[in-house]
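> Give me a 3D structure for the following:
(one chain, ligands or ions: 2)
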Amino acid sequence: MNILTMLWRNLWGGSRTLLFPARPKVTKGYRGLVRFDPALCTGCAICRFRCTARAIEFKAAKGEFTWSYDPGQCTFCGRCVEGCKTHALSQDSQCPPVYLTIGALKNSYTVARKPAPKPASAAPPAAAAPTSIPAQEARNEPA
Ligand code: SF4
Ligand code: SF4
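Ligands and ions are numbered 1, 2, ... in the order given. Predicted coordinates:
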């Protein structure tokens, strides 16, 4: 673009910024706040290890665990959502709300650990082992 055209557009094109607290429109595929569904979470903590920004905290305790998320530290990369095999995490498709104090959007869930799942089907009972081997068979002699 010609420098004079750009200058003209900047001078007469109107404001390019928005007055606080207005938010810009987001595009398709926008990655916003991370949402957590405690009902789907197994407490594997993979999201915690995938989050290099340390926005997710995970504390294990006896019979329960605590999952916390601080949007103030989140870079909205989506690595935690991709790594969650149970789909307990998702991301908003809208801009995060305006907040004025640090930690205002932080949220924390304490979830009871679910009992380990039982095997899908009970294994068939094992065939009864012979209690004694006939002497002839034990010696491998022909009848
Ligand atoms: S949210 Fe997903 S990745 Fe994170 S602890 Fe729960 S099941 Fe694991
Ligand atoms: S979106 Fe990225 S930075 Fe935000 S909590 Fe997930 S892994 Fe961490």
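> and the closest residue to A39 other than its chain neighbours, how many neighbours does it have?
Closest residue in space to A39, ignoring its immediate chain neighbours: A88 at 7.9 Å, by CB to CB, 6 or more residues apart in numbering. Yep, even glycine has a C-beta here, placed from its N, CA and C like the rest. Residue crowding around A88 was assessed by other CB atoms under 10 Å; the count is 21.
> again, but for L89
Look at L89: counted by other CB under 10 Å, it has 22 neighbours.
> roughly how far apart are the residue nearest to it when sequence neighbours are not counted and H87?
Distance criterion CB to CB, 6+ apart; nearest residue to L89, sequence neighbours excluded, is V81 at 4.6 Å. As judged by CB to CB, to the nearest Å, V81 and H87 stand 9 Å apart.
> wait, what's in contact with the residue nearest to L89?
V81 sits next to V34, L89, S90, Q91 when contact means CB atoms under 8 Å, 6 or more residues apart in numbering.
> List the buried residues of the helix or strand where it lies.
Under the criterion DSSP states H and E, the helix or strand holding V81 is helix 79-83. Neighbour-count burial for helix 79-83, counted by 16 or more other CB atoms under 10 Å, picks out C80, V81.
> go on, stretch 23-33?
Using 16+ other CB under 10 Å as the test for burial, stretch 23-33 gives G32, L33.
> Only C-alpha atoms, please: export the helix holding V81 in CSV.
Taking C-alpha atoms only, helix 79-83 is exported to CSV below (Å, rounded to 0.1, in the frame of the first residue of the first chain):
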residue,chain,number,x,y,z
ARG,A,79,-2.9,-27.7,25.1
CYS,A,80,-4.8,-28.7,28.2
VAL,A,81,-8.0,-29.2,26.2
GLU,A,82,-6.2,-31.3,23.5
GLY,A,83,-4.6,-33.5,26.2
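> Could you find the closest non-adjacent residue to C47?
Beyond its immediate neighbours in the sequence, the residue positioned closest to C47 (CB to CB, 6+ apart) is C80, lying 3.8 Å away.
> Isn't the one you found up against C51?
Yes: C80 is in contact with C51 according to CB atoms under 8 Å; the separation is 5.2 Å.
> The helix holding V81 and ligand 2 in contact?
Yes: counting by CB under 6 Å from any ligand atom, contacts between helix 79-83 and ligand 2 involve R79, C80.
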